[in-house]
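A.B. asks: sequence and computational prediction follow.
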Amino acid sequence: GQNIDQPTEMTATEGAIVQINCTYQTSGFNGLFWYQQHAGEAPTFLSYNVLDGLEEKGRFSSFLSRSKGYSYLLLKELQMKDSASYLCAVRDHAGNNRKLIWGLGTSLAVNP
Amino acid sequence: KAGVTQTPRYLIKTRGQQVTLSCSPISGHRSVSWYQQTPGQGLQFLFEYFSETQRNKGNFPGRFSGRQFSNSRSEMNVSTLELGDSALYLCASSVDGQGVSKFSYEQYFGPGTRLTVT
């Protein structure tokens, strides 16, 4: 079957580092996305991994291990504006059909 | 380049009514996907359209339907509304959704339509 797991909620302090984990089980794998969604707004793209390893983009980094079905999003130097929901999505493919499978999201609260 | 637009932004309907939501993708994007988002269920995939054809479908009842026009604009319709249909409906566009490059299937979301059924 297809399944994506993320923690429901996390709390961190301004200036700290937080790691949001995502584990997945899909019939095929064609890449993993992380999206950020602020309350009342649409999701916006953060990062993409298709090969194992770390992708760094400013304060945000994303890691992927395909053999373990595991990814994490690392947020450094946390700011109040980073309070949002973080969605993990896997591009699954079965035969010629490819679609995104979404996790339920991790709600991150950054406190002063 | 203009982003994905959705109309209307907010809608209040009564049980039993039907509703049509509209989505205009980014220029040049041919794939349009629709999602329902609720606090308890997260992003639930409804369907995807490409070149006026439904290419993928989620696990929603037949009351939910959609279509895509030749200019890639898409509409979704919900008939016989139920209280549980209250949600944020998001539309996302991508270049083609099936290519091997991430640029072909990275999804760009519209602001959503907030539907309230009373």
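C.D. replies: Received it, and whenever you're ready, just let me know what you need. Keep in mind it's a predicted model, so treat the numbers as computed, not measured.

A.B. asks: for the closest residue to residue B:23 other than its chain neighbours, what are its contacts?
C.D. replies: The shortest distance from residue B:23 to any non-neighbouring residue, by Cβ to Cβ, 6 or more residues apart in numbering or on different chains, is to residue B:91 (3.5 Å). Using the backbone N, CA and C atoms, a C-beta is placed for each residue, glycine as well. By Cβ atoms under 8 Å, 6 or more residues apart in numbering or on different chains, residue B:91 lies in contact with B:4, B:6, B:21, B:23, B:25, B:32-35, B:74, B:76, B:109-110, B:112.

A.B. asks: residue A:42 contacts residue B:93, correct?
C.D. replies: No. Contact criterion Cβ atoms under 8 Å: residue A:42 and residue B:93 do not qualify, at 11.6 Å.

A.B. asks: who are the packing partners of the biggest strand by length in chain A?
C.D. replies: Criterion DSSP state E: the longest strand present in chain A is strand A:84-94. Applying 3 or more Cβ pairs under 8 Å, 6 or more residues apart in numbering or on different chains; DSSP states H and E, we find strand A:84-94 packed against strand A:3-5, strand A:18-25, strand A:32-37, strand A:70-75, strand A:97-102, strand A:106-111.

A.B. asks: strand partners of the shortest one, parallel vs antiparallel please.
C.D. replies: Sheet pairing of strand A:3-5 (DSSP bridges) gives strand A:18-25 (antiparallel).

A.B. asks: could I get the full set of helices for chain B?
C.D. replies: In order along the chain, chain B carries the following helices (DSSP state H): B:102-105.

A.B. asks: and the strands in it, which stretches?
C.D. replies: Using DSSP E, the strands of chain B run over B:5-7, B:10-13, B:19-24, B:31-38, B:42-50, B:53-57, B:64-68, B:74-78, B:87-94, B:108-109, B:113-117.

A.B. asks: from residue B:56, how far off is the residue most central in space within chain B?
C.D. replies: Chain B has residue B:34 as the residue nearest its centroid, 2.6 Å off, counting by Cα atoms, centre = their mean. In this view, residue B:34 and residue B:56 are 10 Å apart by Cβ to Cβ, to the nearest Å.

A.B. asks: and for those two, which residues touch both?
C.D. replies: B:45, B:47, B:48.

A.B. asks: about what we covered before: residue A:42 and residue B:93 - which one has more neighbours?
C.D. replies: residue B:93 (26 against 20; other Cβ atoms under 10 Å in any protein chain shown).

A.B. asks: list the beta-bridge partners for that one.
C.D. replies: residue B:32, residue B:108.

A.B. asks: nice, that's everything, thank you.
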